[in-house]
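Chemist: sequence-free structure coming up:
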């Protein structure tokens, strides 16, 4: 009989730290190799402790699985000292039951494979955004539906900015207040997840100063990230279009969001067909 055990996070954390330490080459750290004196491969515990800014005794107790729960700052320091890859870093944070800070800089350009995917999703309207709602890539169907993004300077290609400040925005969404409210709830979640993102902070400050509706809703502190839903759009050429949307996060590029629209009913499908053949 096969027995499946639950994860003992303390013991797995201890084993993971030991194996990551033992695989490191002292030469990569500019440390004296002293191979005759090293009885085991990798770095010594005191060397990892020095690199991470903690005591050797602390490393010993972690590797012995003696019930310690390192703080997020200590986990981050250990990840740097052990030169963990992004997936290993995430694993270490999970074992320590801590929440990692976002290590990568926010995306400002579309990852080329994702940009190609957006194009290949045609005839479904699709676009790629980051956590700030900056629009990084789109296909022709999305441009026909939402507007000519090519006509905008890159700094203005932001879905929230267009919703709040574009001249067509007031009448574009049938339930505009709900769309704005959901967008603000997403931005608040992103603001907490990326506290060092100055561009996001400045964007929110600009919206607060320029739009009373945004300022009022921001003060309500709603937090929500919608991965799917429905919107109704008043398109000036083909009338009301109802769409279902899906938001997907690529594992390789977690700051980029793939947004795909689909017609929500037969009338909307016909309207989209007319729009694409104009």
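Modeler: That came in fine, so what should we check first? Keep in mind that this is a model prediction, so the values were computed, not measured.
Chemist: in the protein, which helix or strand is least confident?
Modeler: Taking mean pLDDT, DSSP states H and E as the measure, the chain has helix 169-172 as its least confident helix or strand, at a mean of 84.
Chemist: pull the residues that contact the helix or strand that it is followed by.
Modeler: Proceeding N to C from helix 169-172, the next assigned helix or strand is helix 176-193, under DSSP states H and E. For helix 176-193, the surrounding residues in contact (C-beta atoms under 8 Å, 6 or more residues apart in numbering) are 102, 131-133, 159-160, 163-164, 169-170, 173, 197, 200-201, 204, 213-214, 217-218, 221-226, 229, 231. Glycine gets a C-beta too; all of them are placed from N, C-alpha and C.
Chemist: mind checking which of those land in strands?
Modeler: When strands are assigned by DSSP state E, the members of the contacts of helix 176-193 inside them are 229, 231.
Chemist: buried ones from the contacts of helix 176-193, can you make that a PyMOL selection?
Modeler: Restricted to buried positions by 16 or more other C-beta atoms under 10 Å, the PyMOL selection for the contacts of helix 176-193 reads:
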select buried, resi 131+132+133+159+160+163+164+169+173+197+200+204+214+217+218+231
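Chemist: low-scoring stretches of the stretch 101-250 of the chain, by residue?
Modeler: 102-105 (pLDDT under 70).
Chemist: what ranges do the helices span in it?
Modeler: 112-120, 140-146, 159-165, 169-172, 176-193, 198-210, 212-218 (DSSP state H, counting those that start in this stretch).
Chemist: how far is the shortest one from where the chain is centred?
Modeler: Computed by C-alpha atoms, centre = their mean, to the nearest Å, the chain-centroid distance of helix 169-172 equals 28 Å.
Chemist: burial count for the residue lying closest to residue 201 once chain neighbours are set aside?
Modeler: Leaving out its chain neighbours, the residue that sits closest to residue 201 by C-beta to C-beta, 6 or more residues apart in numbering is residue 191, at 7.3 Å. For residue 191, the tally of surrounding residues (other C-beta atoms under 10 Å) stands at 18.
Chemist: what do you get for residue 276?
Modeler: Counted with other C-beta under 10 Å, residue 276 comes out at 15.
Chemist: cool, and residue 181?
Modeler: Neighbour tally, residue 181, other C-beta under 10 Å: 17.
Chemist: look up how far residue 187 lies from it.
Modeler: Using C-beta to C-beta, to the nearest Å, we find residue 181 at a distance of 11 Å from residue 187.
Chemist: cool, and residue 174?
Modeler: Taking C-beta to C-beta, one finds residue 174 at 22 Å from residue 187.
Chemist: the two: which has the busier surroundings?
Modeler: residue 187 (21 against 14).
Chemist: residue 122 reaches residue 142, doesn't it?
Modeler: No - judged on C-beta atoms under 8 Å, residue 122 makes no contact with residue 142 at a distance of 9.1 Å.
Chemist: for those two, work out which one has more neighbours and name it.
Modeler: Neighbour count, other C-beta under 10 Å: between residue 122 and residue 142, residue 142 has more, with 23 against 13.
Chemist: how many other residues sit next to the nearest residue to the more buried one once chain neighbours are set aside?
Modeler: Leaving aside its sequence neighbours, residue 142 sits nearest to residue 125 (C-beta to C-beta, 6+ apart; 4.0 Å). Applying other C-beta under 10 Å, we find 27 residues neighbouring residue 125.
Chemist: just to check, residue 125 is in contact with residue 118?
Modeler: No - in this structure residue 125 lies outside contact range of residue 118 using C-beta under 8 Å: 9.8 Å.
Chemist: which neighbours do these two have in common?
Modeler: Counting by C-beta under 8 Å, 6+ apart, the residues touching both residue 125 and residue 118 are residue 139.
Chemist: wait, what's in contact with residue 88?
Modeler: 20, 79.
Chemist: so it sits in a strand?
Modeler: No - Residue 88 is assigned helix when assessed by DSSP: H, G, I helix; E, B strand; the rest coil, not a strand.
Chemist: ok, the residue nearest to residue 142 - contacts?
Modeler: 139, 141, 142, 144, 145, 146, 243, 260, 261, 272 are the contacts of residue 125 under C-beta under 8 Å, 6+ apart.
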